[in-house]
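K.L.:
whatever this is, show me its structure:
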Amino acid sequence: MSTSTLSTTPNISRNSLLPAIADLGGRISLAAIFLLAGVNKIQNYEGSAQYLAHGGLPEFLLPLVILFEIGGALALIAGFQVRLTALAFAGFSLLTAILFHNNLGDQVQFLMFFKNLAIAGGFLMVAAHNAGRFSLDGRKSTL
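P.N.:
Next comes the predicted model:
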């Protein structure tokens, strides 16, 4: 890229609307999978408990997993405690990959493993970047 191209490239400042919309859209996109997963676990509670046990975890953890997935997703969407929530979801995604998608010889499990790694990476980016302007965290910093 030439210097003339660099000088004509618009500078998107942190105060512009595009980053604020991208922050919100990213949080909603990442939260959606966990919100839906939590609701699905409620609707298929017995099957979810068996799947948890199949991964070597006690079934009594299922209500905590559901609370984490739904509560954490709602916190992300609202932009509340985003750094902490994103770090928790990154760890949760990595743990899920290791415990439930570790059969890398199975093509579906291979893809699920790396999907979880990608989601963890997205959450680490959210944690590094923070919530943005359209969030409860962002609102607190401007008051």
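
K.L.:
show me the longest helix that occurs in this structure.
P.N.:
helix 17-43 (DSSP state H).

K.L.:
quick check: next helix or strand after it?
P.N.:
Beyond helix 17-43 on the C-terminal side, the first helix or strand identified by DSSP states H and E is helix 45-54.

K.L.:
which residues of this structure score low on pLDDT?
P.N.:
1-15, 140-143 (pLDDT under 70).

K.L.:
now do the helices in it.
P.N.:
With DSSP H as the criterion, the chain has helices at 3-8, 17-43, 45-54, 62-78, 82-100, 107-129, 136-142.

K.L.:
ok, the residue nearest in space to the middle of the chain - contacts?
P.N.:
Closest residue to the average C-alpha location of the chain: residue 30 at 4.1 Å, with Cα atoms, centre = their mean. Residues in contact with residue 30, defined by Cβ atoms under 8 Å, 6 or more residues apart in numbering, are 76, 86, 89, 119, 122-123, 126. All C-beta atoms are positioned from the backbone trio N, CA, C, and that covers glycine.

K.L.:
how about 7 Å then?
P.N.:
Listed by Cβ atoms under 7 Å, 6 or more residues apart in numbering, the contact set of residue 30 reads 76, 119, 122-123, 126.

K.L.:
returning to that earlier point: and the angle for the longest helix of the chain with helix 82-100?
P.N.:
When axes from the mean of the first three to the mean of the last three Cα atoms, to 10 degrees is applied, the directions of helix 17-43 and helix 82-100 differ by 50 degrees.

K.L.:
run the chain-centre distance for helix 17-43.
P.N.:
Relative to the chain's own centre, helix 17-43 is displaced by 7 Å; criterion: Cα atoms, centre = their mean, to the nearest Å.

K.L.:
equivalent analysis for stretch 37-49, please.
P.N.:
Distance, stretch centre to chain centre, for stretch 37-49: 19 Å (Cα atoms, centre = their mean).

K.L.:
C-alpha coordinates for that stretch, CSV please?
P.N.:
Extracted as CSV, the C-alpha positions of stretch 37-49 are listed here (Å, rounded to 0.1, in the frame of the first residue of the first chain):
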residue,chain,number,x,y,z
ALA,A,37,-28.0,-23.6,24.3
GLY,A,38,-29.2,-22.7,27.8
VAL,A,39,-32.9,-22.7,26.7
ASN,A,40,-32.4,-25.9,24.8
LYS,A,41,-30.9,-27.5,28.0
ILE,A,42,-34.0,-26.5,29.9
GLN,A,43,-36.3,-28.0,27.2
ASN,A,44,-34.3,-31.2,27.0
TYR,A,45,-33.2,-31.4,30.7
GLU,A,46,-32.8,-35.2,31.0
GLY,A,47,-30.9,-35.5,27.8
SER,A,48,-28.6,-32.6,28.7
ALA,A,49,-27.9,-34.2,32.2
